[in-house]
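*Asks:* need a 3D model of the following:
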Amino acid sequence: MAVRIENETFYLETENTLYQMKADCRGVLKHLWYGAKTRQDMEYLLDYPDVAFSGNPYDAGEDRTYSLDTMPLEYAAEGVGDYRISAVSVCHENGSCVLDLRYESCRIVPGKYSIPGLPAVYAGENEAQTLEITLRDAVSGVCVILKYGVLPEYDVITRSAVIVNGGKQPVTVNRAHSLCLDIPYGQWEWIHFHGRHLQERVPERRPLLHGIQQSSSGRGTSSHQQNPTVLLCRKGCTETDGACIGAALVYSGCFQTQIEYDQLNQTRLVMGIHPELFCWELAPGESFYAPEVILSLSDTGFETLSHRFHRIIRERVCRGKHKLAERPILINNWEATYFDFNEDKLLKIAEGAAGLGVDMLVMDDGWFGRRNHDDVSLGDWNVNAAKLPNGLGRLVERVNAMGMDFGIWFEPEMISEDSELYRTHPEWALRIPERNPVRGRHQLVLDITRPDVRDYLVGAVSRILQSANIAYVKWDFNRSASDWYSALLSAERQREMPHRFVLGLYDMLERLTQAFPNVLFEGCCGGGGRFDAGILYYCPQIWCSDDTDAYERTHIQYGTSFFYPVSSVGSHVSAVPNHQTGRSIPIRGRGVTAMAGSFGYELDVNRLTEEEKEEVRAQIRAFKEFGPLIHNGKYFRLSNPFEENVAAWAYVSEDGRQVLVQGMIFHAEPNMLRSPLCLRGLEPGKRYRSREDGAVYTGRALMDAGILLPKAWGDYVPVECYMEAVEE
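*Replies:* Predicted coordinates for the structure are as follows:
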């Protein structure tokens, strides 16, 4: 049993971890343990003195050692004497903000819970169990139902919460975090993933400071600047050793992660919707559903944790026919043409790409309305006849006749002021009355909280997808959202807008992906500005970054790999000098880096030399051979590109018989020895033959001593080595 209950102590067990909590004699749900399977009631660790200025619940009587301000709580609420950060805050009609949550009931349900209107991990009845614990505030009748999905084989526990107004008066929910995790033991460090447009998901590791540290987004998306993931790790934790906890929020909007290191050196982690951009009015009988957090723990370093997140996201977050399928090798025309294209240019690119073995042509921004630059026609999803005089259907037919599939770009959530849609429906744009809106990239944001706007967009996208044999959609979002206001909501409910916006996005994606199950949807937000598990529920891959510089991409993809699987990473070979940095990297190095994802090209192949074209053919052959290993194998970070002169990674098949090592040596060093690179994940007793030179190595030698990196001549030297186990 993944879930068992003994004397109101709750045991959630996966293959390698134990999560334990207890409803005590006063009905307070205390967190006891998250760690290795101890086969022990861990309450013996809780030994609290009378801490001055930490008050006591009234029903504690004369026991001054019993304080909600000091003990580890399972779901901390505001207003009850716990002065640390809270997971939930509810204000009542009389203006008070207090929620005294006490244990009321529980139930165990086969399978994994789902969340209305929100993405979540899914699993069958034989793969998971759900524990529901109901906590109740006796005075107001407000309840919080804590939901735990336990997936033993995946070593994952999911967390969510439902706030139910069981009282007779309306209440306002001001904070509804999905996760509250108290850790009363150990010294921990914090890793978050910061960045900016063109440089996303940079890992930053810091010791916890006494007080509160935070990563968050208020941009309407999960953002380029912070990612809705967090790592807590013991000091000295490495890829292969030490305890670490990972949490990933399955949500694509404004979020907040807070960590408090308190006066007693205890750690509290809360995670969920950003409370400064949120409130929710609950009438009697109504419920609010918080998004989900995926939680896992490893006592053997970051590598194990990453493997668990990669697997759960690929197999139980991503959905549809494409989640585990081999992805097409595509060519996108954006950096080849930008807005300056027509049917003849696209067909010439397609013809050249087809001759090299590319599977798909993707037509990017500029095919609709009067879209010749970026300040016009967003919202007018009809074909630009000046560019495509024979229509979209005829273009697709001609591309298909070359043996290639066809994909298309949309930015449905946006509107240009210079558009027919804006002239017809200016009220559909997010805009605060009597104020000028904030522009971003010359565009405004559509109010997709409105059903009529969503219906228009789903209809417009559907008509295009029905009009031709389209196999792929790139769904973009090229600015941060602002001007949160809707005429359909009362003044008291305007702060519901950011969350309603995300619910509107999910509604559209659900309708379209269900209506077009054969279409591969790729998420995008100026590249990696909405790279999160919520989007991956609908789109099994996301354009990783608008920065296509291969050197920069080794860093971006390194940070991304801590939580997200390689198959989710959109990655392309682009032209040189690179359009974002001006850097020139040989095409083989660009290819090796781009293979660490869903592979493709972002250039005009007709401008390549014959030597470069032959290299493209070789890359395509290699990816068609190694793609299953790259996407289905275990991923190993073999170096840290932020600290070393090499970015190196490897993929090892589940049976340990195949290994592909790839990477890039950044700079040549004169008069220097070649460096060894130690591998991981191999079978120590097996012997492995290198395809490159036929040399045979034992698995133990490859892992303990390594292989020699190539001698670098020039900068950005590619690393690539494939080995297979030798039959004894």
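*Asks:* now do the contacts for Gly211.
*Replies:* Residues in contact with Gly211 (C-beta atoms under 8 Å, 6 or more residues apart in numbering) are Glu260, Tyr261. The C-beta positions use only the backbone N, C-alpha and C, and glycine is treated the same way.
*Asks:* and for the one 5 residues further on?
*Replies:* Ser216 makes contact with Gln226, Cys254, Phe255, Gln256, Thr257, His274 under the criterion C-beta under 8 Å, 6+ apart.
*Asks:* and with 6 Å instead?
*Replies:* Counting by C-beta atoms under 6 Å, 6 or more residues apart in numbering, Ser216 touches Gln256, His274.
*Asks:* and Leu330, by the same measure?
*Replies:* Met360, Val362, Gly600 are the contacts of Leu330 under C-beta under 6 Å, 6+ apart.
*Asks:* which of these fall within strands?
*Replies:* Assigned to strands by DSSP state E, the following of the contacts of Leu330 qualify: Met360, Val362, Gly600.
*Asks:* in a markdown table, list these along with neighbour count, pLDDT and distance to Cys678.
*Replies:* What follows is those, written out as a markdown table (neighbours: other C-beta atoms under 10 Å; pLDDT from 0 to 100; distance: C-beta to C-beta, whole Å):
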| residue | neighbour count | pLDDT | distance to Cys678 |
| --- | --- | --- | --- |
| Met360 | 22 | 98 | 38 |
| Val362 | 24 | 98 | 39 |
| Gly600 | 24 | 98 | 31 |
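*Asks:* output those residues as CSV; include the columns distance to Thr554.
*Replies:* Listed next are these as CSV, based on distance: C-beta to C-beta, whole Å:
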residue, distance to Thr554
Met360, 25
Val362, 24
Gly600, 17
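*Asks:* which one among those residues gets closest to His307?
*Replies:* Relative to His307, the closest of those is Gly600; by C-beta to C-beta it sits at 25.6 Å.
*Asks:* and that closest one, how far from Gly591?
*Replies:* According to C-beta to C-beta, to the nearest Å, Gly600 and Gly591 sit 11 Å apart.
*Asks:* what do you get for Ser54?
*Replies:* Distance, Ser54 to Gly591, using C-beta to C-beta: 60 Å.
*Asks:* looking at those two, which one has more neighbours?
*Replies:* Shown here are Ser54 and Gly591; by other C-beta atoms under 10 Å, Gly591 has more neighbours (24 against 21).
*Asks:* what separates that one from Arg607, distance-wise?
*Replies:* For Gly591 relative to Arg607 (C-beta to C-beta), the value is 16 Å.
*Asks:* do a quick rundown of the helices in the stretch 201-350 of the chain.
*Replies:* All helices of the stretch 201-350 of the chain, identified by DSSP state H, counting those that start in this stretch, fall at 301-316, 334-337, 343-356.
*Asks:* pull the distance from the last one to the chain's centre.
*Replies:* In other words, helix 343-356. 34 Å (C-alpha atoms, centre = their mean, to the nearest Å).
*Asks:* using PDB, write out every CA atom in it.
*Replies:* Extracted in PDB, the C-alpha atoms of helix 343-356 (Å, rounded to 0.1, in the frame of the first residue of the first chain):
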ATOM      1  CA  GLU A 343       5.300  31.300 -51.300                       C
ATOM      2  CA  ASP A 344       8.300  31.000 -53.700                       C
ATOM      3  CA  LYS A 345      10.900  31.600 -50.900                       C
ATOM      4  CA  LEU A 346       9.200  29.100 -48.600                       C
ATOM      5  CA  LEU A 347       9.100  26.500 -51.400                       C
ATOM      6  CA  LYS A 348      12.800  27.100 -52.200                       C
ATOM      7  CA  ILE A 349      13.700  26.500 -48.500                       C
ATOM      8  CA  ALA A 350      11.500  23.400 -48.400                       C
ATOM      9  CA  GLU A 351      13.000  22.000 -51.600                       C
ATOM     10  CA  GLY A 352      16.500  22.500 -50.300                       C
ATOM     11  CA  ALA A 353      15.600  21.000 -46.900                       C
ATOM     12  CA  ALA A 354      13.800  18.000 -48.400                       C
ATOM     13  CA  GLY A 355      16.900  17.200 -50.300                       C
ATOM     14  CA  LEU A 356      18.900  17.000 -47.100                       C
END
